[in-house]
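K.L.:
Sequence and computational prediction follow.
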Amino acid sequence: MSATLLLIQVLNGLQLGVILFLIAAGLTLVFGVMGFINLAHGVQYMIGAYLCWTLYQVTGSFLAALLLALPAALALGVLLEVLVFRHLYDRDHLIQVLATFGVIIFVNQLAKVLFGPAALSVPPPALLDWSFPLVDGLRYPAYRVALIAAGLLVALGLWLVIAKTRVGMLIRAGATNPDMVDALGVNVRRLFLIVFAFGAMLAGFAGAMAAPVFSVEPGMGDNLLIVAFVVIIIGGIGSIRGAFVAALLVGLVDTVGRTLVTDGLRLMMDPSSANQIGPALASMLIYLLMAGVLFFKPQGLFSAGGSPMSAPALPAEAAGRSASARFGVGIALGIFVLLALTPLVAELYGGGYLTTLVMRAMILAIAAISLDLLIGHGGMISFGHAAFVAIGAYAYGIAIDEGVYSIFAILPLAFAAAALFALVTGAISLRTSGVYFIMITLAFAQMLYFAMGSLSRYGADDGLTLWSSADVAGTGLLKSDTGLFLTILAVLVGVWLLVNRIAVSRFGRVLRAARQNPTRVATMGYSVFSYRLTAYVIAALIAALAGVLWGAQANFVSPAIGAWQRSGDLIAIVVVGGMGSRNGALIGALFFVGIEEVLSGITQDWRLIFGPMLVLIALYAHGGLAGWIDRLQGPRRTGGS
């Protein structure tokens, strides 16, 4: 790499770093002070960009648009806080994840309705619409330099506010010990509002400043949100200094690494292969960085002692399996019977699409049941569980593409790959806990996602279309819709029976005890780490089985199967259905697929309804849909539906 190119990449890395800092600073304060996981923080970045574009159309001045966008972003942040977020502060973190996931769906769709799906652009201010001369005749845009300078000035101002003012003192105290701040008589609700509004304004400022550099489009904040979470995990929850250092580090590693990795690979292989593999490896660098930091410093570089994330509270519906256990089994039996009748109904009414839809729901249910073993019973909130589904799908797809058609050869490949990945990543991830565990599982899943995207022989990002299907003992069982449907149903019933058997076994009881009090379980002579790692591997194997069925049903596999959004879908299914309950994941999967189908038949903007629906379920459906169904049976029912 030439010195000039290196200089340009460093400047680009600093530019990305300051944008990440502006997003991550508010995010780390919100989580550090309030213990609130706000997945919707990325939409506030998007709102800032759209506000800048809208106000520029009105005023014709970028500076005026920027200055007006800041109070508007703050006001919209306050509105979201009052309407939704303040009702979530005292709720379980998984409920917060579900509700803010619903906000993301709603706001992204609203942006698409108001502004259209096409990318928009904002020109830089005329005063900065020129470029600096560099060496070798290359130039660098003045606006990008101004963006870096503005970000550094904001970082300095934020440090002065946090370090030198009374409000900053309260914020620091809140990030370290919020209960003590409350005990000292501080109006914590007002402090929360200030912190949240300030964080929203910072994210909006980042979006407005980024509008002349990046495209303004729906969902533009989603991927940056994940990188911002990486920043606060590396830096340490609640630490502004950590967010600043980590943001610049991540920006430089991500930007400079994309060139260095490719150049390094060219020394070892032909340029064509290096150009294909290099970008995928470079995309993994920040996640490798986070995994490495957490391996040696599980609390991040500069932890401020922010609010840890405890295991999600086990709902009453799942706490015991006593008199209403038969009721839960009856619910499951009724669901399975209805599912079994689907092909007959589809044949009578000519609705073959119904069979495909229900197969998709059942596969999601299998994957969600495996995740619920981790979340509902083990208290391990994995944000990368879709990676194991992708492993199973790719094992199926690659085997078929290579001419291996026996399902009895494909399944061992899928199980071996999933078990190996789970053993390695689980052994590392389980060194952490809480939100750190969430993010390191996400990091490993993202690495796998980018690795799959580099498989040019198997379609890379475009995916792999399969022109044949696996056979079962020489039969075409999986080649007919009815045969495949019954196979998926049989697997679903078997997985449901297995996980419910695990739940009532000694292994399940120890696992649930460890999620509530791991220290006490360890003093009784049980290896908490071994039990959790075993559960992690079992869940991975079940998810990989779901992936194999996914490939068989869709005849298509792509990296999108393992994207972080799909892991978010699985978490939402578990929480909506009722985590830890007998039938929660099963009910949640059927609800998700069914409600999506119904709403999409009503309007193409169905996410405007679906997003608020998730928020309402998070706020009012305690114990999920399974808990709601159980409560309909009266107060004596306490077992899990």
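P.N.:
Looks like it arrived, so ask away.
K.L.:
all strands for the stretch 51-200 of the chain, in order.
P.N.:
Per DSSP state E, counting those that start in this stretch, the stretch 51-200 of the chain carries strands over the ranges 131-133, 139-141.
K.L.:
So for the last one, what gets flagged as buried?
P.N.:
The neighbour-count check on strand 139-141 (16 or more other Cβ atoms under 10 Å) flags 140-141 as buried. To be clear about C-beta, it is placed using only N, CA and C from the backbone, and glycine gets the same treatment.
K.L.:
ok, residues contacting it?
P.N.:
Residues outside strand 139-141 that contact it (Cβ atoms under 8 Å, 6 or more residues apart in numbering): 8, 11, 124, 128, 130-134.
K.L.:
List just the nearest of those residues to residue 48.
P.N.:
residue 124 (16.0 Å; Cβ to Cβ).
K.L.:
list the helices and strands the host helix or strand of residue 551 packs on?
P.N.:
Secondary structure from DSSP states H and E places residue 551 in helix 528-554. For helix 528-554, the packing partners by 3 or more Cβ pairs under 8 Å, 6 or more residues apart in numbering; DSSP states H and E come out as helix 352-372, helix 386-401, helix 407-429, helix 481-504, helix 506-516, helix 518-523.
K.L.:
what residues are up against residue 194?
P.N.:
Contact analysis of residue 194 by Cβ under 8 Å, 6+ apart lists residue 167.
K.L.:
how near is it to residue 201?
P.N.:
Separation of residue 194 from residue 201 (Cβ to Cβ, to the nearest Å): 11 Å.
K.L.:
Buried residues, the helix or strand that contains residue 294. List them.
P.N.:
Assigned by DSSP H and E, residue 294 falls within helix 271-296. For helix 271-296, the neighbour count (16+ other Cβ under 10 Å) marks 274, 276-278, 280-291, 293-294 as buried.
K.L.:
and if you look at stretch 406-414?
P.N.:
Result for stretch 406-414 [16+ other Cβ under 10 Å]: buried residues 407, 410-411, 413-414.
K.L.:
Ok, stretch 554-563 next?
P.N.:
For stretch 554-563, a neighbour-count test (16+ other Cβ under 10 Å) marks 554, 557-559, 561-563 as buried.
K.L.:
Next, the angle helix 271-296 makes with the longest helix seen in the chain.
P.N.:
Across the chain, the helix with the greatest residue count (assigned by DSSP state H) is helix 3-34. Orientation check (axes from the mean of the first three to the mean of the last three Cα atoms, to 10 degrees): helix 3-34 against helix 271-296 gives 30 degrees.
K.L.:
from the chain's centre, how far out does helix 3-34 sit?
P.N.:
In terms of Cα atoms, centre = their mean, to the nearest Å, the centre of helix 3-34 is set 20 Å apart from its chain centre.
K.L.:
one step back: and the angle for the helix holding residue 551 with helix 506-516?
P.N.:
Going by the same axes, to 10 degrees, helix 528-554 makes 110 degrees with helix 506-516.
K.L.:
Pull out the buried residues from helix 528-554.
P.N.:
By 16+ other Cβ under 10 Å, the buried positions in helix 528-554 come out as 528, 531-554.
K.L.:
Tell me where the model's unsure across the stretch 51-200 of the chain.
P.N.:
Within the stretch 51-200 of the chain, the ranges that satisfy pLDDT under 70 run 135-137, 172-182, 184-188.
K.L.:
one more time with 50, if that's ok
P.N.:
Across the stretch 51-200 of the chain, no stretch falls below the confidence threshold (pLDDT under 50).
K.L.:
Spit out the contact partners of residue 570.
P.N.:
364, 367-368, 371, 385-386.
K.L.:
Likewise for residue 124?
P.N.:
Applying Cβ under 8 Å, 6+ apart, we find residue 124 in contact with 62, 141, 143, 212.
K.L.:
Which two of those residues have the greatest separation?
P.N.:
Among these, the pair separated by the greatest distance (Cβ to Cβ) is 62 and 141, at 13.8 Å.
K.L.:
Check the spacing between residue 198 and residue 204 real quick.
P.N.:
Counting by Cβ to Cβ, the gap from residue 198 to residue 204 is 11 Å.
K.L.:
ditto for residue 116
P.N.:
According to Cβ to Cβ, residue 116 stands 21 Å off from residue 204.
K.L.:
what do you get for residue 248?
P.N.:
Note on residue 248: its distance to residue 204, by Cβ to Cβ, is 21 Å.
K.L.:
show me what contacts the closest residue to residue 278 other than its chain neighbours?
P.N.:
Once flanking residues are discounted, residue 278 sits nearest to residue 262: 3.1 Å by Cβ to Cβ, 6 or more residues apart in numbering. Counting by Cβ under 8 Å, 6+ apart, residue 262 touches 274-275, 278-279, 282.
K.L.:
Could you single out the nearest of those to residue 96?
P.N.:
residue 282 (32.5 Å).
K.L.:
wait, isn't the closest one in contact with residue 257?
P.N.:
Yes: applying Cβ atoms under 8 Å as the test, residue 282 and residue 257 come out as touching, 4.9 Å apart.
K.L.:
Can you name the residues that contact the closest residue to residue 117 other than its chain neighbours?
P.N.:
The shortest distance from residue 117 to any non-neighbouring residue, by Cβ to Cβ, 6+ apart, is to residue 218 (6.4 Å). Under the criterion of Cβ under 8 Å, 6+ apart, the neighbours of residue 218 are 46, 108-109, 111-112, 115, 117.
K.L.:
quick one, which of residue 248 and residue 204 is more surrounded?
P.N.:
Taking neighbours as other Cβ atoms under 10 Å, residue 248 and residue 204 compare with residue 204 leading, 31 against 21.
K.L.:
quick one: that one is in a helix?
P.N.:
Yes: applying DSSP: H, G, I helix; E, B strand; the rest coil, one finds residue 204 inside a helix.
K.L.:
what secondary structure does residue 214 sit in?
P.N.:
coil.
K.L.:
how many neighbours does it have?
P.N.:
15.
K.L.:
On the pLDDT front, check it for me.
P.N.:
In this model, residue 214 is scored at 88, pLDDT.
K.L.:
That one is in contact with residue 224, isn't it?
P.N.:
No: counting by Cβ under 8 Å, residue 214 stays clear of residue 224, with 9.2 Å between them.
K.L.:
mind listing what's buried in the longest helix of the chain?
P.N.:
Using 16+ other Cβ under 10 Å as the test for burial, helix 3-34 gives 8-9, 11-34.
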